[in-house]
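[1] Whatever this is, show me its structure:
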Amino acid sequence: MAGAYTSDENFKNGFNAAVDMSAAQYSLIRINSGKNGEVSICSVVAEDCDGVLLNKPNSGEEATIAFGGLTPFRAGAAINAGDQVITSATGWGTSSVISGSTGKCLLTVTSGAVSTMIKYLGHHPQQA
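    Take a look at the predicted model:
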């Protein structure tokens, strides 16, 4: 989705996929603690995530992650425009009313579809 990001400063390369992520594009991901530069798909509801996977890396290949601005994400359930988004157990976004959300959905989206989220993540990931 070229042009979907507010600037080149909102995405980062240099992290490697810990597992095959070739079917996980636009999933919410986390940087693995204790693993030098590896990322995994979020697997816990309301997990603190580090970004959205933009490409389709195989295990060990470089992953490109978005960590701010406007970015596509995959919805794990129907989400209305304006809803807050958190991680699901599958690494997809789901609607939430709890604080500490991952971001805000801009367009109504059906389950399994790709939509756009804003107010996304307040930090820049750093490679360990």
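[2] So which other helices or strands are in contact with the worst-scoring helix or strand of the chain on mean pLDDT?
    Each helix and strand of the chain was given a mean pLDDT (mean pLDDT, DSSP states H and E); the minimum falls on strand 114-118 at a mean of 75. In terms of contacts (3 or more CB pairs under 8 Å, 6 or more residues apart in numbering; DSSP states H and E), strand 114-118 is packed against strand 71-74, strand 103-105. From N, CA and C alone the C-beta is placed, and that goes for glycine too.
[3] Distance to Val114 and mean neighbour count added to those strands, as JSON lines?
    JSON lines is the format used below for the helices and strands packed on strand 114-118 (distance: least, CB to CB, whole Å; neighbours: other CB atoms under 10 Å):
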{"stretch": "strand 71-74", "distance to Val114": "5", "mean neighbour count": "22"}
{"stretch": "strand 103-105", "distance to Val114": "11", "mean neighbour count": "21"}
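[4] Dump these to TSV, plus mean pLDDT and distance to Lys56.
    Below are the helices and strands packed on strand 114-118 laid out as TSV (pLDDT from 0 to 100; distance: least, CB to CB, whole Å):
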stretch	mean pLDDT	distance to Lys56
strand 71-74	88	12
strand 103-105	84	21
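[5] These into a markdown table, with extra columns for distance to Ala46?
    Formatted as a markdown table, the helices and strands packed on strand 114-118 follow (distance: least, CB to CB, whole Å):
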| stretch | distance to Ala46 |
| --- | --- |
| strand 71-74 | 15 |
| strand 103-105 | 13 |
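[6] what about the longest strand in the protein?
    strand 11-17 (DSSP state E).
[7] buried residues in that strand?
    Across strand 11-17, burial judged by 16 or more other CB atoms under 10 Å covers 11-12, 15-17.
[8] partners of it, with directions?
    Counting by DSSP bridges, the strands paired with strand 11-17 are strand 38-41 (parallel), strand 62-66 (antiparallel).
[9] residue nearest the centroid of the protein?
    The centre of the chain sits closest to Val52, judged by CA atoms, centre = their mean, with a distance of 2.2 Å.
[10] for the record, mean pLDDT for stretch 78-89?
    For stretch 78-89, the mean per-residue pLDDT is 89.
[11] cool, stretch 27-39 as well?
    Rounded mean pLDDT across stretch 27-39 is 86.
[12] All set, thanks.
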